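J.: Turn this into a structure:
(one chain, ligands or ions: 1)
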Amino acid sequence: MPDLTLSDLPDSSVSPFLCLTIAPARVIRGEGILAEMGSAIAHLGQRPLLVSGSKTQPLVRSQLLPILQTQGRQPAQATYGQDCSEAGLAALRQAAADHQADWVIGVGGGKALDAAKLLAHQLQLPIVTIPTSGATCAAWTALANIYSDQGGFLYDVALAHCPDLLVLDYRLIQTAPLRTLKAGIGDAIAKWYEASVSSGHSEQTLMIAAVQQARVLRDILLQKSLAALQQPGSPIWREVVDACVLMAGMIGGLGGAQCRTVAAHAVHNGLTHLPASHEMLHGEKVAYGILVQLRLEEMVQGNGLATTARQQLLKFYSEIGLPKNLAELGLSEISIADLQQAAEIACNPHSDIHRLPFKVEPTQLMAAMISTTAPCQPMKIQEAGSRSQEPEALPPSSPILHPFGEVQS
Ligand SMILES: [Zn+2]
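T.: Numbers count the residues shown, from 1 in each chain. Alright, predicted model coming up:
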């Protein structure tokens with residue numbers, strides 16, 4: 001097998017302007033549905049490679065292998081290692097070659113699913129995703145993150161298509177620690193705060209749809225998360241799982257490459273380079289990142305609506321148990337040097353933080369990172385760029401929601 005590198009990926013020939021990657025070809029979901037997925041996968045191939053983390057391997061062995069063997073398939077297992085890294089992917093390509101795999105099944109959390117999707121993408125094989133928690137929308141999307149072997153975020157890769165099949169088994173999701181769904185809520189609610197900034201003024205139909213769906217998603221999560229977390233397995237819990245795993249993914253697909261993440265994920269990306277942050281889940285860092293983004297909008301723009309949104313989120317986070325500050329992220333001992341390193345990475349020239357409508361310097365970001373729970377008092381530290389303090393005028397005939405919920409016309 002040729003030694004593929006990421007620059008060889010087929011996506012380099014796929015223009016985001018011509019190719020929509022909105023949704024998996026098929027989604028099956030239900031209680032205990034895993035046992036019944038045999039017929040749904042029968043057409044995908046003979047020799048699947050099951051990609052998971054080491055913790056998920058017993059589950060794969062006890063539940064998935066028998067199903068595949070009953071269907072007359074010849075499955076093999078491989079782990080992606082610690083992180084979805086280039087070295088881990090090279091090992092997975094070797095495992096796929098050794099097994100002569102003709103399709104891939106990803107089982108696990110975001111990194112396992114990203115690794116499986118990337119492997120299938122590189123080898124142009126069909127891919128099935130089976131999320132084991134509600135922590136991310138990775139089971140849905142045509143996007144994968146690459147990390148260093150030390151766990152630092154490096155870059156993301158746009159894939160040629162969403163998975164061929166997504167199997168959402170609520171019984172499986174319910175076996176995951178509740179903390180994973182809290183993280184999924186943090187990651188999913190970020191869609192609104194980021195999409196409304198990156199794409200809130202777009203006049204493109206699908207972008208408007210994506211931003212509006214992100215607002216609906218935020219409202220669903222604000223309304224239902226607490227009850228869902230109090231009653232795992234209940235109907236309202238399933239609705240919140242759907243919101244985090246399916247709807248968040250759909251918004252990413254609908255909005256496409258231009259409807260991107262902004263500061264919340266940039267802060268996450270910076271934090272991943274601090275080993276001390278590795279105990280925290282993706283969505284927990286993103287949830288904190290939303291507060292940092294809102295704080296920046298307050299401090300740099302004097303944006304009162306951002307203050308209101310931050311206070312609303314602080315109350316919500318307290319109720320459901322998402323981290324509101326560095327201490328709750330497990331970083332109470334963080335040194336100035338580490339904070340500066342995370343801020344500089346988050347502000348690198350390619351970072352999505354620059355989708356904010358004003359310029360951000362690392363020192364401003366550091367100030368925002370240490371003041372996410374500041375009292376409700378807009379404080380303007382620097383006028384940056386030409387943007388006025390008032391919300392930007394909207395293009396005529398495109399009434400759209402302001403990032404914080406009020407309809408402007
Ligand atoms: Zn995310």
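
J.: Show me what counts as buried in stretch 330-343.
T.: By 16 or more other Cβ atoms under 10 Å, the buried positions in stretch 330-343 come out as 331, 334, 338-339, 341-343. C-beta coordinates here come from the backbone N, C-alpha and C atoms, glycine included.

J.: now, among the residues you listed, which is nearest to residue 265?
T.: Checking the buried residues of stretch 330-343 against residue 265 with Cβ to Cβ, the nearest one is residue 342 at 13.1 Å.

J.: which residues touch the nearest residue to residue 198 once chain neighbours are set aside?
T.: Spatial nearest neighbour of residue 198, chain neighbours left out: residue 355 (4.6 Å); criterion: Cβ to Cβ, 6 or more residues apart in numbering. Contacts for residue 355 were tallied using Cβ atoms under 8 Å, 6 or more residues apart in numbering; they are 197-198, 260-263.

J.: cool, and residue 207?
T.: The neighbourhood of residue 207, defined by Cβ under 8 Å, 6+ apart, consists of 199, 255-256, 258-259.

J.: Also residue 167?
T.: Contacts for residue 167 were tallied using Cβ under 8 Å, 6+ apart; they are 28-29, 33-34, 37, 40, 128-130.

J.: swap in residue 77?
T.: 49-50, 52, 57, 60-61, 65.

J.: Give me the subset of those lying in helices.
T.: For these, the ones inside helices are 57, 65, with DSSP state H as the criterion.

J.: And the contacts of residue 77, which is closest to residue 99?
T.: Closest approach to residue 99 among the contacts of residue 77 (Cβ to Cβ): residue 49, at 5.5 Å.

J.: Could you pull up the mean pLDDT of stretch 217-233?
T.: For stretch 217-233, the per-residue pLDDT values average out at 98.

J.: picking that back up, tell me which of the contacts of residue 355 fall in helices.
T.: Taking DSSP H as the definition of helices, the contacts of residue 355 contribute 197-198, 263.

J.: Between these, which sits nearest residue 301?
T.: Distances from residue 301 to these, taken as Cβ to Cβ, are shortest for residue 197 (11.2 Å).

J.: Quick check: closest non-adjacent residue to that closest one.
T.: In space, residue 197 comes closest to residue 262 once its chain neighbours are excluded; the distance is 4.8 Å by Cβ to Cβ, 6+ apart.

J.: give the contact list for that neighbour.
T.: Taking Cβ under 8 Å, 6+ apart as the definition of contact, the neighbours of residue 262 are 193-194, 197-198, 293, 352-353, 355-356.

J.: Are any of the contacts of residue 77 buried, and if so which?
T.: In terms of neighbour count (16+ other Cβ under 10 Å), the buried residues within the contacts of residue 77 are 49-50, 52, 57, 60, 65.

J.: Rebuild these as CSV, extending it with pLDDT and distance to residue 179.
T.: Supplementary listing: the buried ones among the contacts of residue 77 in CSV, determined by pLDDT from 0 to 100; distance: Cβ to Cβ, whole Å:
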residue, pLDDT, distance to residue 179
49, 97, 29
50, 97, 25
52, 97, 19
57, 92, 21
60, 90, 22
65, 92, 28
